[in-house]
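Asker: got a predicted structure here, sequence first:
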Amino acid sequence: MVVRRQKHARKYLGTRRWGVGNIKNARGAGDRGGVGRAGARKHNFTYMTSKAREEMHKKGFHPWNQKRLGEITLMQISGMINESKGGKAEIELRNVKVLSNGSINKAVVVKAAGFSKAAAEKIKAAGGDAIVIE
């Protein structure tokens, strides 16, 4: 035999307070989640919208012990080289991955945590070296 369940609202129609027992158990603002007249959601949401906008609409899981690499392009590196004068420049970039956007026209030794394939080829074509460090 199929058991038919009543809806929650139907169950408590006609009672003074919905399932809280005696009326004095649900008297006052203590029955509303501790946030005045509102429910518990309102103030958390306003905190998110005003103070932590960058946390909204993010999906996925990021392990706490895994470092994320920053990014730098060849265009930015060539700008750093043009500012410095002298012979073969040497740049050390920790926790940074070099991307191939832009070009390099001077020989440079770049030490970084990672390189894209095209970036390493462009650096070597200009007469420089791409060295991976940890």
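Answerer: Cool, the structure landed.
Asker: for the protein, which spans come out with low pLDDT?
Answerer: Applying pLDDT under 70 to the chain flags the ranges 1-3, 6-7, 29-48, 58, 84-87.
Asker: for it, what's the longest strand?
Answerer: Secondary structure of the chain read by DSSP state E shows that its longest strand is strand 89-99.
Asker: and this protein, what are its domains?
Answerer: 8-55, 70-132 (automatic domain parsing).
Asker: thinking again about what came up before, partners of the longest strand of the chain in the sheet?
Answerer: For strand 89-99, the paired strands and their directions (DSSP bridges) are strand 70-73 (parallel), strand 108-115 (parallel).
Asker: highest mean neighbour count out of those?
Answerer: strand 108-115 (a mean of 19; mean count of other C-beta atoms under 10 Å). Just so you know, the C-beta spots here come from the backbone N, C-alpha and C atoms, and that holds for glycine as well.
Asker: toward the C-terminus, what is the element adjacent to that strand?
Answerer: Downstream of strand 108-115, the next assigned helix or strand under DSSP states H and E is helix 117-125.
Asker: all helices for the protein, in order.
Answerer: Secondary structure of the chain (DSSP state H): helices at 8-12, 41-51, 74-83, 117-125.
Asker: one step back: so which of the strands paired with strand 89-99 is nearest E90?
Answerer: strand 108-115 (4.4 Å; C-beta to C-beta).
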